[in-house]
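Student: prediction below, plus the sequence it came from.
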Amino acid sequence: MYSRAHALLSAAIGIPLAVGASGVPESASLWGYVLLLGVGIDLDHFVIGRINRGDWTNARRCLRNPAQIFLDQSTIFDCGDIWRDQRLLSHLLIGGVLTAGLWTVNPYWAFVTAVTVYTHVLADLYSDARTRDEYFEKST
């Protein structure tokens, strides 16, 4: 799933989560956090791509052509740069660590983190299921 879809989902789930926060300033901050986390968690794709390729080609593509990030995300990574299971595992590891760390500081923000990452992973799984046949045709 691409960033714009994750942004829309995050913005939507951020509204009820922000309403549950105490105070208007905290609500706005929390909504912004949900939006940032819901989209920003995908930055781990560049680290996974680096591990699999052995270089930062994917990140360099985006630095050379920043418009690609918004207009043509399908060309950022080559086939085999990132495996679906690696991507989802990475998201779950990041979400688990963030949730556990925030739980000691503010349980509500930890809850919000868990819901945001869960929504992101669920959306990725849905997108993966819808494009499974297309994905395997490219891999072979």
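Tutor: Everything's here; your move.
Student: enumerate every residue touching Leu98.
Tutor: Taking C-beta atoms under 8 Å, 6 or more residues apart in numbering, we find Leu98 in contact with Leu37, Ala110, Thr113, Val117. Yep, even glycine has a C-beta here, placed from its N, CA and C like the rest.
Student: so which of those are in strands?
Tutor: Among the contacts of Leu98, no member falls in strands (DSSP state E).
Student: and Arg4, how far from Asp72?
Tutor: Arg4 sits 12 Å away from Asp72, taking C-beta to C-beta, to the nearest Å as the criterion.
Student: chain neighbours aside, what residue packs nearest to Thr57?
Tutor: Nearest non-adjacent residue to Thr57, counting by C-beta to C-beta, 6 or more residues apart in numbering: Gly49, 7.5 Å away.
Student: cool, and Gly20?
Tutor: Spatially, and ignoring its direct neighbours in sequence, Gly20 is nearest to Tyr108 (7.1 Å; C-beta to C-beta, 6+ apart).
Student: which SS class is the one you found?
Tutor: helix (DSSP: H, G, I helix; E, B strand; the rest coil).
Student: is it true that it touches Gly23?
Tutor: No. Between Tyr108 and Gly23 there is no contact under C-beta atoms under 8 Å: 11.6 Å.
Student: these two: who's more crowded?
Tutor: Tyr108 (15 against 9; other C-beta atoms under 10 Å).
Student: and the more buried one, what pLDDT?
Tutor: Each residue has a pLDDT score; the one for Tyr108 is 92.
Student: again, but for Leu63
Tutor: Here the pLDDT value assigned to Leu63 is 92.
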